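Colleague: Please work out how this folds:
(chains A and B)
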Amino acid sequence: MFNKKPHFVRIVSSFWASSIASELEYRFNIIIEILSVIGNLAGSLFTLSLFYGPNNNLGGWNWYSSIVILGIYTFLEGFTTTFLQPNLSRIVRHVQNGTLDFVLLKPVDSQLWLSLRIFSPWGIPTMLSGLILISFGLNFSNSEISIKIILISSLMLISSLLILYSLWFLIASTSIWFVRVWNANEVLRSTLVAGRYPITAYPDSLRKVFTFIVPIAFLTTFPAEAMLNLLSLKYILFSLLISLSFLYITTKFWNYALRFYTSASS
Amino acid sequence: MSKISVRSLTKNFLITEKVPGIKGTIKHFFKRRRRKVVAVDQVNFDIEHGEIVGFIGSNGAGKTTTLKMLCGLIHPSSGSINVAGYQPIRRQRNFLSQITLVMGQKQQLIWDLPPLDSLRVNAAVYGLSNKEANKRIDELASMLDLSSELSRPVRKLSLGERMKAELMAALLHRPSVLFLDEPTLGLDINSQIRVRQFLSEYNNKYGATILLTSHYMGDITSLCKRVLLIHRGNIFHDGSLIQLTQKLAPSRCVKIELTEPIPEDSFRPFGEILQYKGHLIRLLIPRSELALNLSSLLDKFPVKDLEVTDPPIEETIGKLLKAGTT
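Modeller: Numbers count the residues shown, from 1 in each chain, chains lettered A, B, ... in the order given. This is a model prediction of the structure:
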């Protein structure tokens, strides 16, 4: 697990300060990035309006509660853009160029370094719009809002982030053997698109796959149910257990993978 | 106790082989032919506190593999390593805070930002206070003659400036064991000399132990009293550079400039002719016959100028390695 050190906060803030500074080095690129964030948001809202209407009912989910799921999905998308994509695709480059050496020689947990080294601000607007969609959906679903629900919802959202992170990190770790694993990450990203809709909207067989094989249900549907106060305690505990197990597996797997690291020749 | 101690260190790699051409590619895609290669074979050595040791050998001799095992980057197949009292592969925090690895071909500096930003990240990683980090940055910068370069993006620095900044990043935490893999690679002669001076200064000041690989013999001759010559994964020589030269080059090189050209054959009795250009001759004369032969050369021929040197160490080692392969 990550080793917490007193200067953990300082390390992470120096990481993020330098990655934001790197982004700001290219001024023209910033304009392009801002335009692309706006374009993406407009695009997904348009798609949403085509798929759903106020009277639609998808797998037992009405329009507003589906919005909560879409909000969670959008939030995860932003999280992917800000943390997962930039950091974990760097692992592949590190392995390819042999610069993983420098990471492994620092007195900092290498998994922590590789997972948090880069902070790309471009996912923040997406994360915010995800949160807005969640609140909008919840507000119009007339569901009960209490401290308990907020607490459980946050826990479920965190466990969903942890599961998503673990899936990415597991795939990125395999680059120690296979070096180029971009495609696998792309496949993962497109599979996760399924999380945009309630899991109950899918046929039974797919539902099982999305719950037990690729845990998409744990990413969006279960957290949304928790927010709408529809999820039983059993599933809440199960979700937390799953996410912590995933996290544990990633650290074990990473340390195992490192045994096979040969370091690209100089 | 020695700072670095290596016993029966061995590393085997499994490498895949591919026959060229489409057929070979298809075959390679479905079935990889693997072969075991012994990169480092039963190597033993000790390095004392504050020693600077040159690690030399041809490409693929096992230098980098050994260095990487000493840093704890790759697992040895067998044997034991002790660096500063630690077993490197466990990569304990205290161990990592005491060592550094500089690779001439790889860089840790953030490409788009000035070196100072990378240094700040390293300061945080090694838990240095801002005050301490600034003090060390100033000190290293003055030792390396860097100033305004530290505020320019790394991508805009010259190779020499970049290497100096890399050294700063690698030494900010003041490691006591330095593993340097071709630190002067590609640098012009002035930068090479500056880097050598810096390393020697750092070694004096902090008593650091340095293991250095380089293809530039100048680095080795000016820094290392002791060299380890590795060939095909085995240590071929462990001792002083002088011993190595004497062992490898029992002759000296004599360059003679004549006032008028003399036929090549007249010089044959004096030694091996390395170069003949009419009035310019380079001879290789055994050390034992040197004095006698020099006086007869001066007697017999119209010598305008005469110079006695050791044969270039690159040539000597090249010869040895060639001899080792046959």
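Colleague: tell me the phi and psi of the nearest residue to B:M103 once chain neighbours are set aside?
Modeller: Using CB to CB, 6 or more residues apart in numbering or on different chains and skipping the chain neighbours, the partner closest in space to B:M103 is B:D181 (4.7 Å). For every residue, glycine as well, the C-beta is placed using N, CA and C. Main-chain dihedrals, B:D181, degrees, to the nearest 10: phi -110, psi 100.
Colleague: how about low-confidence regions in the stretch 51-200 of chain A?
Modeller: A:51-59, A:180-182 (pLDDT under 70).
Colleague: residues touching A:F253, list them.
Modeller: A:L170, A:S173 (CB atoms under 8 Å, 6 or more residues apart in numbering or on different chains).
Colleague: Which strand or helix spans it?
Modeller: Using DSSP states H and E, A:F253 maps to helix A:233-258.
Colleague: and what of B:I235?
Modeller: strand B:234-240.
Colleague: and the longest helix along chain B, what does it pack onto?
Modeller: If you go by DSSP state H, chain B has its longest helix at helix B:189-206. Counting contacts by 3 or more CB pairs under 8 Å, 6 or more residues apart in numbering or on different chains; DSSP states H and E, helix B:189-206 packs against strand B:52-56, helix B:130-144, helix B:159-171, strand B:177-181, strand B:209-213, helix B:217-223.
Colleague: Adding mean neighbour count, write the ones you listed out as a markdown table.
Modeller: Formatted as a markdown table, those follow (neighbours: other CB atoms under 10 Å in any protein chain shown):
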| stretch | mean neighbour count |
| --- | --- |
| strand B:52-56 | 24 |
| helix B:130-144 | 16 |
| helix B:159-171 | 22 |
| strand B:177-181 | 24 |
| strand B:209-213 | 25 |
| helix B:217-223 | 19 |
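Colleague: CSV for the ones you listed, including mean pLDDT?
Modeller: Formatted as CSV, the helices and strands packed on helix B:189-206 follow (pLDDT from 0 to 100):
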stretch, mean pLDDT
strand B:52-56, 93
helix B:130-144, 93
helix B:159-171, 92
strand B:177-181, 94
strand B:209-213, 94
helix B:217-223, 87
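Colleague: A:I31: which of the ones you listed is closest?
Modeller: With CB to CB as the criterion, A:I31 lies closest to helix B:159-171 of the helices and strands packed on helix B:189-206, at 29.7 Å.
Colleague: what does that closest one rub up against?
Modeller: Contacts with helix B:159-171, where a contact means CB under 8 Å, 6+ apart, come from B:100-102, B:104, B:107-109, B:115, B:118-119, B:122, B:137, B:140-141, B:144-146, B:149-150, B:154, B:157, B:178, B:183-184, B:186-188, B:190-191, B:194-195, B:198, B:202.
Colleague: buried subset of those residues?
Modeller: Buried residues within the contacts of helix B:159-171, counting neighbours by 16 or more other CB atoms under 10 Å in any protein chain shown: B:100-102, B:104, B:107-109, B:115, B:118-119, B:122, B:137, B:140-141, B:144, B:146, B:149-150, B:154, B:157, B:178, B:183-184, B:187, B:191, B:194-195, B:198, B:202.
Colleague: OK, contacts around A:S120?
Modeller: Applying CB under 8 Å, 6+ apart to A:S120 gives the contacts A:S19, A:E23, A:T81, A:T82, A:F83, A:Q85, A:P86.
Colleague: in which helix or strand would I find the second one?
Modeller: Here A:E23 is covered by helix A:8-25, with elements defined by DSSP H and E.
Colleague: burial of B:G207, as a residue count?
Modeller: 12 (other CB atoms under 10 Å in any protein chain shown).
Colleague: What sits closest to it if chain neighbours are left out?
Modeller: Leaving aside its chain neighbours, B:G207 sits nearest to B:G50 (4.4 Å; criterion: CB to CB, 6+ apart).
Colleague: I'd say the one you found and B:N203 touch.
Modeller: Yes - B:G50 is within contact range of B:N203, at 6.8 Å (criterion: CB atoms under 8 Å).
Colleague: And the two? Which one has more around it.
Modeller: Taking other CB under 10 Å, B:G50 and B:N203 do not tie; B:N203 has more neighbours (17 against 14).
Colleague: on that earlier part again, can you sort out which of the contacts of A:S120 also neighbour chain B?
Modeller: Filtering these for proximity to chain B by CB under 8 Å from any CB of the partner chain leaves nothing.
Colleague: Among those, name the ones in helices.
Modeller: Under the assignment DSSP H, these contribute A:S19, A:E23, A:Q85, A:P86 to helices.
Colleague: so which helix or strand takes in residue 41?
Modeller: Since no chain was named, I'll use chain A. With DSSP H and E as the criterion, the answer for A:L41 is helix A:27-51.
Colleague: Wait, chain B was what I had in mind.
Modeller: Assigned by DSSP H and E, B:D41 falls within strand B:33-47.
Colleague: Local confidence estimate at the spatially closest residue to A:T99 that is not a sequence neighbour?
Modeller: Spatial nearest neighbour of A:T99, excluding adjacent residues (CB to CB, 6+ apart): B:K106 at 5.5 Å. The model reports B:K106 with a pLDDT of 88.
Colleague: one step back: among the contacts of A:S120, which one has the most neighbours?
Modeller: A:S19 (23 neighbours).
Colleague: From A:F102, how far out is it?
Modeller: Distance, A:S19 to A:F102, using CB to CB, to the nearest Å: 16 Å.
Colleague: Just list the residues touching residue 140, thanks.
Modeller: Chain wasn't specified; assuming chain A. A:F140 sits in contact with A:Y64, A:I67, where contact means CB under 8 Å, 6+ apart.
Colleague: actually chain B
Modeller: B:L146, B:L167, B:M168, B:L171, B:L172.
Colleague: cool, and B:L306?
Modeller: B:V254, B:K255, B:I256, B:E257, B:L294, B:L297, B:L298.
Colleague: Repeat that for B:A84.
Modeller: B:A84 sits next to B:K3, B:I4, B:F95, B:Q98, B:I99, B:S176, B:V177 when contact means CB under 8 Å, 6+ apart.
Colleague: what are the bridge partners for the fifth one, then?
Modeller: So that's B:I99. Using DSSP bridges, the bridge partners assigned to B:I99 are B:V177.
Colleague: distance of it from A:L167?
Modeller: Taking CB to CB, one finds B:I99 at 34 Å from A:L167.
Colleague: who's more crowded, the two?
Modeller: Shown here are B:I99 and A:L167; by other CB under 10 Å, B:I99 has more neighbours (25 against 21).
Colleague: Just to check, the more buried one is in contact with B:G85?
Modeller: No - using CB under 8 Å, B:I99 makes no contact with B:G85, being 11.7 Å away.
Colleague: Under a three-state scheme, what state does A:L151 occupy?
Modeller: Under the three-state scheme (DSSP: H, G, I helix; E, B strand; the rest coil), A:L151 adopts helix.
Colleague: what sits against it?
Modeller: No contacts exist for A:L151 under CB under 8 Å, 6+ apart.
Colleague: how near is it to B:F267?
Modeller: Taking CB to CB, one finds A:L151 at 95 Å from B:F267.
Colleague: Can you show me the helices along the stretch 151-266 of chain A?
Modeller: A:175-178, A:182-192, A:204-208, A:216, A:222-227, A:233-258 (DSSP state H, counting those that start in this stretch).
Colleague: Determine which of those shows the lowest mean per-residue pLDDT.
Modeller: helix A:182-192 (a mean of 75).
Colleague: All set, thanks.
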